[in-house]
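Novice: Please work out how this folds:
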Amino acid sequence: MDTLFILINIVIMLALIGILFYMQKKNVSFSKRVFTGLGLGILLGTFLQLAYNADSVIIGTTTDWFNIVGRGYVSLLMMIVMPLIMVSIIQSIINLEKSAELGKMTAWIIGILVATAMVAGIVGISAASIFNLDASQIEAGQAESDRGLALEERLGSVEDLTVPQQILSFIPSNPFHDMTGERATSTIAIVIFSIIVGIAVLGVRRKQPEQAEVFVNWVNAVYAIVMRIVTLILRLTPYGILGLMANTVANTDVAGILELGKFVGASYVALLAMFIIHLIVIGLFGLNPVTFLRKVLPVLGFAFTSRSSAGTIPLNIQAQKNSLGVNEGIANMSASFGATIGQNGCAGLYPAMLAVMIAPSQGIDPLSPGFIIQLVLIIGITSFGVAGVGGGATFAALIVLSSMNLPVALAGLLISVEPLIDMGRTALNVNGAMLSGTLTSRIMKKLNLDTFNNPNAIEKDTSI
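Specialist: Numbering: from 1, shown residues only. Model prediction:
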């Protein structure tokens, strides 16, 4: 009987895929297909939640099959991330009009990422205080206790790393190893290696232009092929979001959400507030916030469902170039750096909220100026260096809490709602990367305003 129900669920998924395929054949816009996939995924996941027990064999087996569509799409994106980063950054540098622009570009991108992460920390402090969040009010079950112990064990592997050691881990010793994405800092290492190659080509061009021209032609050819692969993979975005969202909703711990509803609500209020701040900053730079939001929404939808900043890099780059009019080199840099540095959600909001929640249990006033200043500064530093010890919200929280002399085990209390909140955090991380690219391009007078203001530019190269 279980097999019959599983087959029925798979047939329903295939029918929904058929709807999306029909919409593609009818040339329905890319953004509409993305949000249709999102909506259908929510409906399918809700159906599974209501029809079966959350921990049933039927849901477990069904979601395994759905993962072919959802996680399979993410795997395809991850497959192209490293080649895309390498060839696009090299190609961007060798096309720079002035080599001095590289330093300015990098400084502005990283500066904006870290600055917005610190602002996110302040927003997180405010949200936790307004909602009066207190870790001592949360009851811990066996799973939460086990998670807390695991976090304490993991802390031992990261707390002794100094900032110089974290920075040292960014430097690639074997770029071929980093191409596999094996290290937590592989993305940054590949960015650095690609920058070095690009600078070397600029030097060769001055002394041996013939040899440089051969390499440039080769890079341009590889870049064209890689971008075509990206285009082919991006065609699958609506289907990937359908599978990811269906599985996410089907496996959501409703009881955990209800129990920790206050924290979930506070987290999403903080995330929304930070999104609004991003839009205000866009407006302060003379750009239309509504236009920006409309053009980034399809990318944010994927980031939300996939919970992968790295996996979103290809969509991020395409949207910045083709929808927002961001300079190609800046788009490549901001998307790559933004996946590991200055993450507004994971390295800004989340650690700040946990610190404010946990501080009272240690007899510390989380609203004292000294505590707030120290916390925001630590967030700024670790938002740059957290990738050096693994990356992600968990390690950001470990480093921030340990730096503030706060117990990390209490973070394990939030295990049941972690996936739900991580969806919003990832979307904010990606939005911060796109914000940094747009602002840097605007500051350096490289933003194509015609593309930014063109309402139809959102479809270019992604309506395939």
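
Novice: Counting neighbours, which bits of stretch 25-34 end up buried?
Specialist: Using 16 or more other C-beta atoms under 10 Å as the test for burial, stretch 25-34 gives 30-31, 33-34. For the C-beta atoms, the positions are set from N, CA and C on the backbone; glycine is no exception.

Novice: Need the max-distance pair from the residues you listed.
Specialist: 31 and 33 (7.3 Å; C-beta to C-beta).

Novice: Just give the nearest non-adjacent residue to the residue most central in space within the chain, would you?
Specialist: Central residue of the chain (C-alpha atoms, centre = their mean): residue 309, 2.5 Å from the mean position. Sequence neighbours aside, residue 339 is the residue nearest to residue 309 in space, at 4.4 Å (criterion: C-beta to C-beta, 6 or more residues apart in numbering).

Novice: Quick one: residues contacting the one you found.
Specialist: 187, 309-310, 312-313, 429, 433 (C-beta atoms under 8 Å, 6 or more residues apart in numbering).

Novice: Just among those, which is most surrounded?
Specialist: Highest neighbour count within the contacts of residue 339, by other C-beta atoms under 10 Å: residue 433, with 35 neighbours.

Novice: wait, what's in contact with that one?
Specialist: Applying C-beta under 8 Å, 6+ apart, we find residue 433 in contact with 113, 309, 316, 334-335, 337-339.

Novice: again, only using 10 Å
Specialist: For residue 433, the contact set (C-beta atoms under 10 Å, 6 or more residues apart in numbering) comprises 109, 112-113, 116, 299, 303, 309, 312-313, 316-317, 320, 331, 333-344.

Novice: Then residue 326?
Specialist: Residue 326 is in contact with 317, 319-320, 332, 334-335, 434, 436-442, 446-448, 451-452, counting by C-beta under 10 Å, 6+ apart.

Novice: next one: residue 230
Specialist: 76-77, 80-81, 83-84, 88, 313-315, 317-318, 461.

Novice: could the residues you listed be laid out in CSV, adding pLDDT?
Specialist: CSV is the format used below for these (pLDDT from 0 to 100):
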residue, pLDDT
76, 90
77, 85
80, 87
81, 83
83, 89
84, 86
88, 84
313, 88
314, 89
315, 89
317, 91
318, 90
461, 43
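
Novice: Take the contacts of residue 433 and keep only those in helices.
Specialist: Judged by DSSP state H, those include 109, 112-113, 116, 299, 303, 313, 316-317, 320, 331, 333-338 as members of helices.

Novice: Quick one: the helices in the stretch 251-400 of the chain, in order.
Specialist: Assigned by DSSP state H, counting those that start in this stretch, the stretch 251-400 of the chain shows helices spanning 254-259, 261-284, 289-306, 313-322, 328-338, 350-358, 369-385, 392-403.

Novice: ok, so of the contacts of residue 230, who is nearest residue 38?
Specialist: Nearest to residue 38 among the contacts of residue 230 is residue 315, at 14.0 Å by C-beta to C-beta.

Novice: If we ignore the residues flanking it in sequence, what's nearest that closest one?
Specialist: Going by C-beta to C-beta, 6+ apart, residue 315 has residue 299 as its nearest residue, at 4.8 Å.

Novice: Just give me the neighbour total for the one you found.
Specialist: 28.

Novice: now residue 75
Specialist: Residues lying near residue 75 (other C-beta under 10 Å) number 13.

Novice: and it, how far is that from residue 86?
Specialist: Distance of residue 75 to residue 86, computed by C-beta to C-beta, to the nearest Å: 19 Å.

Novice: cool, and residue 179?
Specialist: According to C-beta to C-beta, residue 179 stands 8 Å off from residue 86.
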